[in-house]
Each structure stands twice: as C-alpha cells, then as structure tokens.
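Chemist: the amino acid sequence is not available; the structure is as follows:
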C-alpha cells in the first residue's frame, strides 16, 4: 500500500477506501478512459490506484449492481456496452423520472428554489450567447440535478442518476458539436416558466417533452455522424 501522497486520490475520513476506489473506477468508465466492452483488470487497477485487490474487487461488485459492469465466468469483469435500442429505453425511463421531478418542484417550489433555477437558466442563455459551450454544459447538468434534488424524492434522484450513468455505456459515433443547443435551452425556459407559475401539469409536460426531444436530437446526431464519420461526443440533454 502506498502513501496517500502517492495515490491519485487521498483517504477521507468520511469515505471508506472501497468507496473511493468505486468512485475512481466509475469516473474512468463514464469518461471513457475504460471503454465499453473493455476488460477491467483487478491487478492492474489495484496497482494504478495504489491499493490492494480487495477494494477493487468490492468496487467492481458495486458497479455490477449499478449496471455499469458485467462479470462473466472465465472472463472476469467487463464494462457493459449497450445498443441503440437500450439507449432509447433509457431515454424513456429518464423522461418519466424527469417529468415527475418537474411536477414535484412546481408543487413544492420556494423562493430559494426559483432563484437557483432562474440563475442556472440565465447562465445557460448567457453562455450560449458567447458560444461558451463548456459553461453551458456544466450549468445544464446542474439544472437537471437541481430539479431532481428539489423534488424531495431521493429514490427518484438516485434512479435518474443511475439511468444517466448507464447511457454513457453507448459508444457509437455522434457529431463533435452540441446538437441544437437553442432548442434545448428554450425547453429549459419552458420548464422554469411552468414551475414559476406553479403549474404542475405544465411542468410535467415540459419536462417530458424536453427529454423526448433530447432523444430525437441525439438520434439525429447519430444519423449525421454515420455519414460524416466523426468521433463521439457527450449529449447535452
């Protein structure tokens, strides 16, 4: 076992070593450092993280339960790879959860919640105006996360996060640009407007439409990428 200074992460009192290892392996999967279909070597990972194989093995079990890893007899642990049909199913599930969250927030909104959501939407609008897609992407993620947190349903938030993580396992090509940010941004504004009015039905529908349209935009980029042969990118929906 190496010292904390030699590790890519440092031991924290509030996290077990296994939890830290789990987070790091998950990060590598979600960022594509460990690719879909790639075998996860326990020994090599343990060495790179400066830990024994025990925490790595436990982390892999947790990732299997989360749907990110498959453990196959005589082959070991492999990062799952999902097809287009499963991505569409995940979008449908994601849409149902997100619509529910938007409805909940509209019913239980507070001034503090509205201020946070307003700042995020305005920030995205300003980022798009100056062509700052990195800031747009960050605020987009924060906006979605805020709505799930504000829903007050921890199970819904956990399920949503799990679905989003699984969607990273799709490694087909898509355009190396953000697909129709203006349309996505307008949908964010529709969600916010409905929540500000306290119109729960409209908020639910706006949330559902946002994810449905996001799925269509994602599929459109795949169609274009098949013709252009460009490299993968992340979705902004």
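Modeler: Yep, it's here. Because the structure is a prediction, the values reported are computed rather than measured.

Chemist: going forward, measure contacts between C-alpha atoms and count neighbours the same way
Modeler: OK.

Chemist: show me where this structure has helices.
Modeler: Remark: helices assigned in the chain by DSSP state H are 17-30, 42-49, 53-65, 84-108, 111-129, 133-150, 154-167, 181-197, 200-228.

Chemist: tell me the pLDDT at the residue most central in space within the chain?
Modeler: Central residue of the chain (CA atoms, centre = their mean): residue 164, 3.9 Å from the mean position. Predicted confidence (pLDDT) for residue 164: 92.

Chemist: mind putting the helices of the chain into TSV with distance to residue 75?
Modeler: Output for these, formatted as TSV (distance: least, CA to CA, whole Å):
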stretch	distance to residue 75
helix 17-30	18
helix 42-49	12
helix 53-65	14
helix 84-108	24
helix 111-129	45
helix 133-150	35
helix 154-167	21
helix 181-197	42
helix 200-228	31
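
Chemist: and these: which comes nearest residue 78?
Modeler: When the helices of the chain are compared by CA to CA, helix 53-65 sits nearest residue 78, at 9.3 Å.

Chemist: returning to that earlier point: OK, contacts around the residue nearest to the centre of the chain?
Modeler: residue 94 (CA atoms under 8 Å, 6 or more residues apart in numbering).

Chemist: quick one: work out the angle between the helix-or-strand element of the chain with minimal mean pLDDT and helix 181-197.
Modeler: Least confident helix or strand, the chain: helix 200-228 with a mean of 85, by mean pLDDT, DSSP states H and E. Angle, helix 200-228 to helix 181-197, by axes from the mean of the first three to the mean of the last three CA atoms, to 10 degrees: 170 degrees.

Chemist: mind listing what's buried along helix 200-228?
Modeler: Buried residues in helix 200-228, defined by neighbour count with 16 or more other CA atoms under 10 Å: 200-215, 217-219, 221-222, 225.

Chemist: again, but for stretch 47-62
Modeler: By 16+ other CA under 10 Å, the buried positions in stretch 47-62 come out as 49, 50, 51, 53, 55, 56, 57, 59, 60, 61, 62.
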